[in-house]
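A.B. asks: the following block contains a protein sequence and its predicted model.
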Amino acid sequence: MEPIIRFENVHFSYPEGEREILCGINLEITEGSFVAVLGHNGSGKSTLFKHMNAILLPTSGKVWVRDMDTADEDKLLDIRRTVGMVFQNPDNQIVANVVEDDVAFAPENLGVPSEEIRQRVDAALKQVGMYEFRMHAPHLLSGGQKQRVAIAGVLAMQPKVLALDEPTAMLDPQGRKEVIDTVTRLCREKGMTVVLITHHMEECIGADRLVVMSNGSIVADGTPLEVFSQVELMEREGLDVPETTRVLHELGLPKTAMDPESCAAIIAGAKS
Amino acid sequence: MSDLRVEALTHVYSAGTPFEKTAIQDISLQIPSGQFVGLLGHTGSGKSTFIQHLNALLKPTSGKVLVDGEDINQDKKTRRAVKNKVGLVFQYPEYQLFEETVFADIAFGPKNMGLGKEEIEQRVREAAHFVGVEEELFQRSPLELSGGQKRRVAIAGVIAMRPGILILDEPTAGLDPAGCRQILDNICTYRRESGATVIIVSHNMDDAARLTERLIVFNHGTVAMDGSPEQVFSRPEELIKIGLSVPQATSLAMALREKGIPLQGSIYTHAQLMAALKEVGVC
């Protein structure tokens, strides 16, 4: 598969900033994959995110979305149609008084014919499991529901990539699960490329690939199992690893599973 | 240091309208002075309604709240006075920062209590120290600070009132793991040094298990479980049934027992799990 987003030696610093925020990022994101990016505050993960649809442009280096250079202003609309963004606070992303109007906002702006808007809105709301709420007022929904409406609003643009910057930070456990289940399903069933920026390690477990950022650089990159197995590195970065991985690590057993059942089987096998 | 008693507390929102909703029903409990309590429960279980009664922000529909034996709702004066005794830190308290400097923001509470200038200054320094806000930041605008720093300034604003009971509604929500640890350490320091009662609302079972002496679990507006972390986490099936998770160490211990490894006792922290594994000859 061709990469749909490609970072080529990307450096970034703010004009007056002394510090470099991205220090030479090379990263290829495969179409249809679910990539999680983990890092503590200030690691550069949100800056990385903002480079994916030209909200920020590299100080040096290139970001490519398909064959489009994000620095090419003529391609801006195409780039933003290709990579849809969801942000942390659902209340800042909702613009209309009725759920379905909110979801229709982007296709209306893109000049999509009204019949097609209807279809896109219905399809998007069904994909996030919010179709029954289409006539509701968004401010009366729960955090998880609002965030799913925000995702539907992006889906109605029919992007190829869904990029989310800490979409669950303000949600309760139920809302977090709704959002993560929704984006996982979009990737697995619809082939949507998902880039999830987070600092909750448990949200990365179901991803195809986990990228860890620290001080503007990528310090680990692999399957979640491979990355979490590097317990010392994760601790040094101030990041959590699953309890299962930690126990296997301390027992000196192979770290080949993260779910409690398989992990218990490994320990039981070692005991007998 | 204050103790707290709640008697048959019920709160009904929008009573007598089609939107009538009983948020909490007939809650009675006692929290002795100095206890560290975790309040658990999913969204809508009544936790927030409950804590808003503890410093008279909400008036009970029926029932009583007593702080140091005194009914806090008996008259206007006690309703007001209790706000100095019971400090309540809301969710995302950093959204409530409004003063021009960090110092002025932390000083807002003590100033309203009518304290003298020197006393206020001392309390601001003390509160800032508890939450690890350096004095170099005092003259900065709170809006220039990072998210974690803002939150600590907001908590310091409540601590500066030296509340005998400190209540925090999800103090770590939205912070990264390092930020979470720091805030929780700050709260533990405050409790240790001041002897205050601390009540913390949390969705994080691992934190609740590690820090508190007592867990109160809310479900549908009533208290579903109340006991030490050991007692509460020894009934993981019940927690899961009311839609809550259990600490990671507990779920791994459950899986290990299912595989025939006879782990002893209630397990809810990493250290306990490792010790129990050692006892049965693993590792």
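C.D. replies: Sure, I can see it. This is a predicted model, so every value here is computed, not measured.

A.B. asks: use CA for all of it now, contacts and neighbours both
C.D. replies: Noted.

A.B. asks: low-confidence stretches in chain B?
C.D. replies: By pLDDT under 70, the low-scoring segments of chain B are B:1, B:283.

A.B. asks: so where do the strands sit in it?
C.D. replies: Remark: strands assigned in chain B by DSSP state E are B:4-13, B:21-31, B:36-40, B:62-67, B:70-71, B:86-89, B:165-169, B:197-201, B:214-219, B:222-227.

A.B. asks: where's the fifth one relative to the chain centroid, distance-wise?
C.D. replies: If I follow you right, that is strand B:70-71. Here strand B:70-71 shows a centroid-to-chain-centroid distance of 22 Å under the convention C-alpha atoms, centre = their mean, to the nearest Å.

A.B. asks: need the strands of chain B in CSV with distance to chain A and mean neighbour count, can you?
C.D. replies: Shown next, in CSV, are the strands of chain B (distance: least, C-alpha to the nearest C-alpha, whole Å; neighbours: other C-alpha atoms under 10 Å in any protein chain shown):
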stretch, distance to chain A, mean neighbour count
strand B:4-13, 16, 19
strand B:21-31, 15, 17
strand B:36-40, 12, 25
strand B:62-67, 28, 20
strand B:70-71, 33, 15
strand B:86-89, 17, 24
strand B:165-169, 12, 24
strand B:197-201, 12, 25
strand B:214-219, 14, 23
strand B:222-227, 19, 17
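
A.B. asks: right, so of those, which gets closest to residue A:89?
C.D. replies: Relative to residue A:89, the nearest member of these by C-alpha to C-alpha is strand B:165-169, separated by 18.5 Å.

A.B. asks: partners of that closest one, with directions?
C.D. replies: The pairing partners recorded for strand B:165-169 under DSSP bridges are strand B:86-89 (parallel), strand B:197-201 (parallel).

A.B. asks: chain center to the last one: distance?
C.D. replies: Just to be clear, that refers to strand B:197-201. Chain-centre distance of strand B:197-201: 3 Å, with C-alpha atoms, centre = their mean.

A.B. asks: so where's the longest helix in the chain?
C.D. replies: Picking chain A for this. Longest helix in chain A by number of residues (criterion: DSSP state H): helix A:173-190.

A.B. asks: ah, I was thinking of chain B
C.D. replies: Identified as the longest helix of chain B according to DSSP H is helix B:177-194.

A.B. asks: buried residues in that one?
C.D. replies: B:177, B:179, B:180, B:182, B:183, B:184, B:185, B:186, B:187, B:188, B:190, B:191 (16 or more other C-alpha atoms under 10 Å in any protein chain shown).

A.B. asks: pull the CA atoms of that helix into CSV?
C.D. replies: Taking Å, rounded to 0.1, in the frame of the first residue of the first chain, the C-alpha atoms of helix B:177-194 are listed here in CSV:
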residue,chain,number,x,y,z
PRO,B,177,0.3,10.6,32.9
ALA,B,178,3.1,12.8,34.3
GLY,B,179,0.6,15.6,35.0
CYS,B,180,-1.8,13.2,36.8
ARG,B,181,0.9,11.8,39.0
GLN,B,182,2.0,15.3,40.0
ILE,B,183,-1.5,16.5,40.9
LEU,B,184,-2.2,13.4,43.0
ASP,B,185,1.1,13.7,44.8
ASN,B,186,0.2,17.4,45.6
ILE,B,187,-3.1,16.3,47.0
CYS,B,188,-1.5,13.6,49.1
THR,B,189,1.1,16.2,50.5
TYR,B,190,-1.7,18.6,51.4
ARG,B,191,-3.6,15.8,53.2
ARG,B,192,-0.5,14.6,55.1
GLU,B,193,0.6,18.0,56.2
SER,B,194,-2.8,19.5,57.0
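
A.B. asks: just want the angle from it to strand B:197-201.
C.D. replies: 160 degrees (axes from the mean of the first three to the mean of the last three C-alpha atoms, to 10 degrees).

A.B. asks: still on that earlier bit, can I get the strands of chain B in JSON lines with distance to residue A:217?
C.D. replies: Compiled in JSON lines, the strands of chain B are given as follows (distance: least, C-alpha to C-alpha, whole Å):
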{"stretch": "strand B:4-13", "distance to residue A:217": "50"}
{"stretch": "strand B:21-31", "distance to residue A:217": "48"}
{"stretch": "strand B:36-40", "distance to residue A:217": "38"}
{"stretch": "strand B:62-67", "distance to residue A:217": "52"}
{"stretch": "strand B:70-71", "distance to residue A:217": "57"}
{"stretch": "strand B:86-89", "distance to residue A:217": "36"}
{"stretch": "strand B:165-169", "distance to residue A:217": "35"}
{"stretch": "strand B:197-201", "distance to residue A:217": "35"}
{"stretch": "strand B:214-219", "distance to residue A:217": "41"}
{"stretch": "strand B:222-227", "distance to residue A:217": "46"}
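
A.B. asks: in the stretch 1-150 of chain A, what residue is nearest chain B?
C.D. replies: At 5.7 Å from chain B, residue A:40 is the closest residue in the stretch 1-150 of chain A, using C-alpha to the nearest C-alpha.

A.B. asks: how far away is residue B:179 from chain A?
C.D. replies: As judged by C-alpha to the nearest C-alpha, to the nearest Å, residue B:179 and chain A stand 8 Å apart.
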